[in-house]
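Chemist: Whatever this is, show me its structure:
(one chain, ligands or ions: 1)
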Amino acid sequence: MENCGARSVREGKGKRLWKKVKYQLVEYHSLPGYLRDNEYIVGHYRSEWPMKQVLLSIFSIHNETLNVWTHLIGFFLFLSLTIYTAMKIPKVVDLHSLQHFPEMLMKADMNKLQAELLTCLPSMPDLHRLGQDFKTSLPTMDMLPSISSWHVKELLYNCLPERFSSGNHTDVCVLHSVKEDLANLIAPLMLKPITRLPFFAFLGGAMFCLLVSSVCHLVSCHSERLSYIMLRLDYAGIASLICTSFFPPVYYSFMCYPFFCNLYLGFISLLGIAATLVSLLPFFQKPKFRTFRAALFCGMGLCGVGPILHKLYWFWGEPEVFHTTGYEILMGLFYGLGALVYATRIPERWMPGKFDIAGHSHQLFHVLVVAGAYSHYRAGLVYLRWRDLRGC
Ligand SMILES: [Zn+2]
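Modeler: Residues are numbered from 1 along each chain as shown. Next up, the predicted model:
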């Protein structure tokens, strides 16, 4: 019994030691061919570990740890943004929107407005006359001075007593707050939010790209077959991010011009499918085609210059157009820098082995991709607000 116990303890120790040796990190030169991708990252590789150890390695330090986490955090960031957008964005009406307020009123369904307001203001005088006043006086955008003639303060007095009961009727500040409250009261009744689908398509594309990339970096070292599948999924993810990034700017810029809308969206969708098919070919993932890959995805992104110039030409002078274009230029800079770093393998090529764990090009590329996608999200919010208020 003792012998047996001692032997099993020895065996247990031996097994643990063997496991420790087996799941040690290895150097580049001892990797199988399919895992050799970047010779400037010299050590800290996992090589053909069992799936359990591979999955657990998300919590240990190796040269892919930060590659996994940069895009996993990016995925959760975009998941949160999607939930936030779905719950919060359609309800946002701020004073900034007032610049299009007269246009909205011109298009307003006054009968519906009257019905909605009557629920709040039971003793409404002639709202119909108010509607006529809107239609005749608003082309001059002369809202503030004429507001008193609409008896709006009296109407709102019933709805918002605590706000106006002490107000001086000639006070400009009070008048301004009446304007603000009127806008916030009436604007949601007239806003006809345009479809969010293109925006959610982009958010979905971004989440797919980030999650697939993160999983790819975690599990590709398991086996040649899994690496083959995951790398292809990773490229499909990048293609889908680029492709769906076109949806919000193209749709919201050209939603009133279906020909151009369909032309641009059809073109980029075909290009996305073509890029995904090319990335299925075995040559595509070879290390020497790194620059080709960067060029292909950059080329796809650069196709966005066409619709953006078109948008600038057609809507020149509208603040939202400059605002969105600013975000799009920022996104282009992030993605462009990311592609450059990816293709040149800076900084590890200058000091091989020094950036194995932190700071190598692929990690910088990941962070730049998340930053570019976030910049595009901000542009998308501006598009939504613009089109919600402007309509077609
Ligand atoms: Zn990656």
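Chemist: buried ones in the helix ranked longest in the chain?
Modeler: Longest helix in the chain, counting residues (DSSP state H): helix 361-390. Of all the residues in helix 361-390, those buried under the rule 16 or more other C-beta atoms under 10 Å are 361-377, 379-390. (C-beta placed from N, C-alpha, C; glycine too.)
Chemist: repeat for stretch 26-34
Modeler: Buried-residue list, stretch 26-34, by 16+ other C-beta under 10 Å: 28, 31, 34.
Chemist: What's the end-to-end length of it?
Modeler: 15 Å (C-alpha to C-alpha, to the nearest Å).
Chemist: just to revisit the earlier point, any chance of the buried residues of stretch 26-34 in CSV, plus pLDDT and distance to Val68?
Modeler: Shown next, in CSV, are the buried residues of stretch 26-34 (pLDDT from 0 to 100; distance: C-beta to C-beta, whole Å):
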residue, pLDDT, distance to Val68
Tyr28, 90, 19
Leu31, 86, 18
Tyr34, 88, 19
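Chemist: Among the residues you listed, which one lies nearest to Met230?
Modeler: Tyr34 (11.5 Å; C-beta to C-beta).
Chemist: thinking again about what came up before, take the buried residues of stretch 26-34 and keep only those in strands.
Modeler: Using DSSP state E, no member of these falls in strands.
Chemist: quick one, what contacts Gly359?
Modeler: 347-348 (C-beta atoms under 8 Å, 6 or more residues apart in numbering).
Chemist: And what about it, helix, strand or coil?
Modeler: Three-state call for Gly359 (DSSP: H, G, I helix; E, B strand; the rest coil): coil.
Chemist: Quickly note the distance from it to Tyr40.
Modeler: 12 Å (C-beta to C-beta, to the nearest Å).
Chemist: Which residues are in contact with each of these two?
Modeler: Glu348.
Chemist: Only the buried residues of stretch 347-364, if you could.
Modeler: Buried-residue list, stretch 347-364, by 16+ other C-beta under 10 Å: 348, 352, 355-357, 360-364.
Chemist: per-residue pLDDT, the residue nearest to Ile194 when sequence neighbours are not counted?
Modeler: Closest residue to Ile194 apart from its sequence neighbours, by C-beta to C-beta, 6 or more residues apart in numbering: Arg387 at 4.8 Å. Note on Arg387: pLDDT of 83.
Chemist: And Arg387, how far from Thr324?
Modeler: 11 Å.
Chemist: Ok, Leu389 next?
Modeler: 14 Å.
Chemist: just Leu66 next, same as before
Modeler: 32 Å.
Chemist: Kindly tell me how buried Ser220 is, as a neighbour count.
Modeler: Neighbour count for Ser220, taken as other C-beta atoms under 10 Å: 22.
Chemist: and it, how far is that from Arg46?
Modeler: Distance from Ser220 to Arg46, by C-beta to C-beta: 10 Å.
Chemist: Ok, Ala275 next?
Modeler: 29 Å.
Chemist: Report the mean confidence score over stretch 83-99.
Modeler: On average, stretch 83-99 scores 63.
Chemist: same question but for stretch 313-322, I mixed them up
Modeler: Stretch 313-322 comes out at a mean pLDDT of 87.
Chemist: got the buried residues for stretch 254-261?
Modeler: 254-255, 260-261.
Chemist: got the contact list for that stretch?
Modeler: By C-beta under 8 Å, 6+ apart, stretch 254-261 touches 194, 250-251, 264, 307, 310-311, 387, 392.
Chemist: Torsion angles phi and psi at Tyr45?
Modeler: phi -90, psi 150 (degrees, to the nearest 10).
Chemist: Now it: closest residue in space, sequence neighbours ignored.
Modeler: Val26 is the one closest to Tyr45 (C-beta to C-beta, 6+ apart), at 5.2 Å.
Chemist: tell me the contacts of that neighbour?
Modeler: So Val26 contacts 43, 45-47 (C-beta under 8 Å, 6+ apart).
Chemist: ranking the contacts of stretch 254-261 by neighbours, who comes first?
Modeler: Val250 (25 neighbours).
Chemist: Wait, a strand at that residue?
Modeler: No - under three-state DSSP, Val250 falls outside any strand and is assigned helix.
Chemist: State the pLDDT value of the nearest residue to it once chain neighbours are set aside.
Modeler: Nearest residue to Val250 in three dimensions, chain neighbours excluded: Tyr264, at 4.5 Å (C-beta to C-beta, 6+ apart). For Tyr264, the model assigns a pLDDT of 91.
Chemist: how many neighbours does Arg36 have?
Modeler: 12.
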